[in-house]
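[1] sequence and predicted model, in that order:
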Amino acid sequence: MTEKRKGSSINSSSRILGDKTFAAISAVEGLKLGKASKERLSALNKSKLTPAQKRAEVLRAYVQPKGR
């Protein structure tokens, strides 16, 4: 049985991967980041945003506005 952290949607069995680990797993699966994605991740890593704000920025880059 997994416990949920208070105020979080991540359960205690969740793991967060670092950039290098994620890149290694993606490479094995044949996935590569595009230039724009690399630049966005680099900028996010340099920013002082919270993890939630970083996730929101990534989602914003991929979710199209309803008007399109």
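    Looks like it came in fine. Note that the structure is predicted; figures quoted are calculated from it, not measured.

[2] pLDDT weak spots in the chain?
    Across the chain, residues meeting the criterion (pLDDT under 70) sit at 1-12, 66-68.

[3] who's in contact with the residue positioned nearest the centre of it?
    The residue at the geometric middle of the chain, judged as the C-alpha nearest the mean C-alpha position with C-alpha atoms, centre = their mean, is residue 55 (5.6 Å). Contacts for residue 55 were tallied using C-beta atoms under 8 Å, 6 or more residues apart in numbering; there are none. The way it works is simple: take the backbone N, C-alpha and C, and place the C-beta from them, glycine included.

[4] so which strand or helix has it?
    For residue 55, the element it lies in under DSSP states H and E is helix 51-62.

[5] swap in residue 31?
    When secondary structure is defined by DSSP H and E, residue 31 falls outside every helix and strand.

[6] for burial, what's the neighbour tally of it?
    Each residue near residue 31 was counted by other C-beta atoms under 10 Å, and the total is 10.
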